[in-house]
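# Quick one, structure for this:
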Amino acid sequence: MRISIGVGALLIVTAASAVHGQESPAASIAPSSLRSSLTLEAVLQSSARFAPDIIAALARNRQAEARALTTQGAFDTVFAVEGRSRIAGYYDGTELTGKAEQPFMDNGGYVYGHYRASSGEFPVYEDKAYTNRLGEVKVGALYSLLRDRLIDARRSDYRLAANDIDITRFETKATSIGVQARAIDAYQKWVAAGLKLKAYQALLALAQDRTHGIQRQVKMGAKPDILLIENEASLVKRQAFVIEARQAFRAAAVKLSLFYRDEQGLPILVEEGRLPEAANAFGRVRTDPAFNLAGRPDFAVLLKEIDKATVKLALARNDMKPRLDLTGEIAKDVGREGLGGYSRTPLEMIVGVTFKIPLQNRKAKGKLAETQAKIDELTVKQRYLAEKIQAEVTSIGIEVETASQLVDAAERERTLAQRLASAERRRFDLGSSDFFLVNQREESATSVEVKLIEANARIAAARAELAAATADEDALGLDLRSPFE
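This next block holds a predicted model:
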């Protein structure tokens, strides 16, 4: 049995050495300038600046802003020029028209200006083409009195695009919170794995320190030969613990490298020497007792979705109204009298009214009912999400309190286990205890040490989860500016 244990441990050591000789192609070993203890703040700062998910989210922000700029194009000033000339036939009239049109930002109408000049003769059915010698200047406007007065398709598109910008920003915040929460989790698991590795290394060191003394006692005849074999079995067992702990630590370091990056944004594989001191190993994630529900990005997104639906509802109600447009224009021909005669010369003022209504209007009615139902749906979702968030925060608060109690209990248990192990070692050195009992005391003390590490990791994870649940950007070390902006 002891031989098979020794062979198995030898295979584990060989495999671990082979793994240790390989380097991850996706991460680099930290340079000598990065040998100090790695803190949680450093990881969060690096993650906030270089995490690909955050950078991609910021790029989506820019896309939304670009789409909003596109919708503003509906309010651009449009300039057009049109010319026509009769190159064959009885009449030889030529007409050139330039027009500039500017839509209103606060009404569905527009204002326009014309300049038109003509020369030659036109048939009687094109009599309006005549102008004086220097042309005709015209200024006019269309103003919506009912439909499109308060909102129209152009303004609704712009408002919806502005809402999309806000939604994208909140989604970016949600992405960033998720990334930072995963970064904290990766860091804490890396620290926990490192502390466990140190605990098992310390356990192994105890067995190694005792080996020389046992060999001397056996050689002197004070102890039986079987004790050497028992000690060797214990040594191999503890070596296996260290191998497994080192493998877990390296795996945690690889996962941490996804969040901890260098100035070029490349992952850094953090070495064992950068583990922080045990007293502040997991970092301190501050939790703010004051929680604003609107600060949760998913809740804020729902509010913006309701705003979007409200805009669509207003547009549907607008489409239910009849169209009543008022038009007015002033025109004046300038220069000497043209071929069209004196009637073009006096100042002209024209006022017009347009009225239009669909008799059934089923399209607008359907859109109105659909949008109202959408608002009802979003309102219910908003209420349920608020209840869910409050329950989540309360539950995590209970978890933090419970984890704190477990840490206190684990610390007391560790103190007692260490005292028992120390006392048992003294008894063994004095010959009053056997090897099996001292070995058991030491391993029990290490198990309690590992248990305390896990309890501390649990409370740290609970605090980080609470910071994420309450969208505490300061606690999560969030800085949403991209290094490439």
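
# all helices of this structure, in order?
2-20, 40-50, 52-72, 153-220, 226-256, 297-320, 362-429, 435-469 (DSSP state H).

# I'd like these laid out as TSV, including mean neighbour count and distance to residue 90.
For the C-beta atoms, the positions are set from N, CA and C on the backbone; glycine is no exception. Listed next are these as TSV, based on neighbours: other Cβ atoms under 10 Å; distance: least, Cβ to Cβ, whole Å:
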stretch	mean neighbour count	distance to residue 90
helix 2-20	13	97
helix 40-50	20	77
helix 52-72	15	49
helix 153-220	19	45
helix 226-256	19	88
helix 297-320	19	49
helix 362-429	15	49
helix 435-469	21	83
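
# Quick check: which of these is nearest to residue 337?
Set against residue 337 and scored by Cβ to Cβ, the helices of the chain come closest in helix 153-220, at 42.0 Å.

# Which neighbouring elements make contact with the closest one?
Using 3 or more Cβ pairs under 8 Å, 6 or more residues apart in numbering; DSSP states H and E, the elements in contact with helix 153-220 are helix 40-50, helix 52-72, helix 226-256, helix 297-320, helix 435-469.

# can I assume residue 445 is in contact with residue 416?
No. Counting by Cβ atoms under 8 Å, residue 445 sits too far from residue 416 to count as a contact (9.1 Å).

# Got the confidence number for residue 472?
On pLDDT, residue 472 comes in at 84.

# And for residue 426?
77.

# From residue 448, how far out is it?
19 Å (Cβ to Cβ, to the nearest Å).

# Same question for residue 137.
Applying Cβ to Cβ to residue 137 and residue 448 gives a distance of 95 Å.

# same question, residue 394
Distance, residue 394 to residue 448, by Cβ to Cβ: 31 Å.

# In contact with residue 349, which residues?
328, 329, 330 (Cβ atoms under 8 Å, 6 or more residues apart in numbering).

# do that again at 10 Å, thanks
328, 329, 330, 331, 332 (Cβ atoms under 10 Å, 6 or more residues apart in numbering).

# Quick check: pLDDT value at the last one.
pLDDT for residue 332: 94.

# One more: the one 4 residues further on?
Per-residue confidence for residue 336 comes out at a pLDDT of 90.

# sorry, back to before: determine which of the helices and strands packed on helix 153-220 approaches residue 265 most closely.
Using Cβ to Cβ, these put helix 40-50 closest to residue 265, at 4.3 Å.

# Report the angle between that closest one and helix 435-469.
Here helix 40-50 points in a direction 50 degrees away from that of helix 435-469 (axes from the mean of the first three to the mean of the last three Cα atoms, to 10 degrees).

# on contacts alone, who are the packing partners of helix 40-50?
helix 52-72, helix 153-220 (3 or more Cβ pairs under 10 Å, 6 or more residues apart in numbering; DSSP states H and E).

# Is it possible to get these out as JSON lines so that each row also shows distance to residue 79 and mean pLDDT?
Shown next, in JSON lines, are these (distance: least, Cβ to Cβ, whole Å; pLDDT from 0 to 100):
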{"stretch": "helix 52-72", "distance to residue 79": "17", "mean pLDDT": "93"}
{"stretch": "helix 153-220", "distance to residue 79": "18", "mean pLDDT": "89"}
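
# can I get the ones you listed in CSV with distance to residue 275?
Converted to CSV, the helices and strands packed on helix 40-50 look like this (distance: least, Cβ to Cβ, whole Å):
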stretch, distance to residue 275
helix 52-72, 26
helix 153-220, 4
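
# need the contact list for residue 118.
Going by Cβ under 10 Å, 6+ apart, residue 118 touches 84-85, 93-97, 126, 128-133, 135-136, 338-340.

# now do residue 209
No contacts exist for residue 209 under Cβ under 10 Å, 6+ apart.

# contacts for stretch 297-306?
Residues contacting stretch 297-306 (Cβ under 10 Å, 6+ apart): 162-178, 292-294, 296, 374-375, 377-379, 381-386, 388-389, 471.

# Just the mean pLDDT for that stretch, thanks.
93.

# are any of the contacts of residue 349 buried, and which?
The neighbour count (16 or more other Cβ atoms under 10 Å) marks 329, 331, 332 as buried among the contacts of residue 349.

# give the contact list for the last one.
Going back to what we said before, that points to residue 332. Residue 332 neighbours (Cβ under 10 Å, 6+ apart): 132, 135, 136, 137, 138, 139, 344, 345, 346, 347, 348, 349.

# Selecting buried members of those in PyMOL, what would you type?
Restricted to buried positions by 16+ other Cβ under 10 Å, the PyMOL selection for the contacts of residue 332 reads:
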select buried, resi 132+135+136+138+344+345
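
# of the contacts of residue 332, closest to residue 454?
When those are compared against residue 454 (criterion: Cβ to Cβ), the nearest one is residue 139, at 79.7 Å.

# Would you mind listing the residues in contact with the closest one?
111, 112, 113, 114, 328, 329, 330, 331, 332.

# Could you list the low-pLDDT ranges of the stretch 251-400 of the chain?
278-281, 283-290 (pLDDT under 70).

# Residue 187 contacts residue 38, correct?
Yes. Using Cβ atoms under 10 Å, residue 187 makes contact with residue 38 at a distance of 7.8 Å.

# Give me the common contacts of the two.
Going by Cβ under 10 Å, 6+ apart, residues that sit against residue 187 and also against residue 38 are 256, 260, 270, 276, 283.

# Any of those residues buried? List them.
256, 260, 270, 276, 283.

# would you turn those residues into JSON lines with distance to residue 412?
Below are those laid out as JSON lines (distance: Cβ to Cβ, whole Å):
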{"residue": "256", "distance to residue 412": "31"}
{"residue": "260", "distance to residue 412": "34"}
{"residue": "270", "distance to residue 412": "32"}
{"residue": "276", "distance to residue 412": "24"}
{"residue": "283", "distance to residue 412": "24"}
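
# of the residues you listed, closest to residue 459?
Nearest to residue 459 among these is residue 283, at 11.8 Å by Cβ to Cβ.

# Residue 268 and residue 189: what is the separation?
Per Cβ to Cβ, residue 268 is found 16 Å from residue 189.

# From the shared contacts of residue 187 and residue 38, pick the one nearest residue 198.
Of these, the one sitting nearest to residue 198 (Cβ to Cβ) turns out to be residue 276, at 11.6 Å.

# Backbone torsions only: list them for that closest one.
phi -70, psi 170 (degrees, to the nearest 10).

# Let me know whether residue 324 touches residue 147 as I believe.
Yes. In this structure, residue 324 is within contact of residue 147 by Cβ under 10 Å, at 7.3 Å.

# still on that earlier bit, ok, so of the contacts of residue 349, who is nearest residue 317?
Distances from residue 317 to the contacts of residue 349, taken by Cβ to Cβ, are shortest for residue 328, at 27.2 Å.

# Quick one: low-confidence residue ranges for the stretch 1-150 of the chain.
Of all residues in the stretch 1-150 of the chain, those with pLDDT under 70 make up the ranges 1-35.

# switch the cut-off to 50
1-26, 28, 30, 32-33 (pLDDT under 50).

# follow-up on the earlier one: please flag which of the buried ones among the contacts of residue 349 sit within strands.
Cross-referencing the buried ones among the contacts of residue 349 against strands under DSSP state E gives 329, 331, 332.
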